[in-house]
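1. Show me how the following folds:
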Amino acid sequence: MDISALEDYKLERYVTDIMLDIGVPAHLKGYHYLREAIVLSGKNMEVVSSVTKLLYPTVAKRFKTTDQKVERAIRNAIEVSWERGNEETFERMFGYSASSGKMRPTNSEYIARIADKVRLDVKAM
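-> From the prediction side, this is the model:
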């Protein structure tokens, strides 16, 4: 199955499940921005190669805010999940976690990895 064939709400629900499993707190603004960025990236991986010129402005426009606020909120959500999230899920998805002493993934690495997982999982359905 192609990701574009999946209904938007099902895709959003699937991404939400992954984010909650990783430990992204739902009360943060960055949670909503991050989910939108992952869904957009899942549909079109090209946007990940240009997060500052394509992805952040698209998300900012959707939420009526600025790209800088989107970037900062996503970074904060990733930092919080990295420090407090499910280490086993991080190990499985990224190959490392905070407990291994490595630095957290960058915004674009984090988004790209989850978007890629979503695309592969949808193809396997």
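2. pLDDT weak spots in the chain?
-> Low-confidence segments of the chain (pLDDT under 70): 1-6.
3. okay, how far is it across stretch 96-106, tip to tip?
-> Terminal residues of stretch 96-106 are spaced 13 Å apart (Cα to Cα, to the nearest Å).
4. what's that stretch in contact with?
-> With Cβ atoms under 8 Å, 6 or more residues apart in numbering as the test, stretch 96-106 has contacts from 78, 79, 82, 83, 87, 88, 90, 91, 94, 110, 113. (Glycine included, C-beta is placed from N, CA and C.)
5. Any of those buried? List them.
-> For these, a burial check counting by 16 or more other Cβ atoms under 10 Å picks out 78, 82, 87, 90, 94, 110, 113.
6. Tell me how far the second one lies from residue 124.
-> Right, the one you point to is residue 82. Applying Cβ to Cβ, to the nearest Å, the value for residue 82 to residue 124 is 27 Å.
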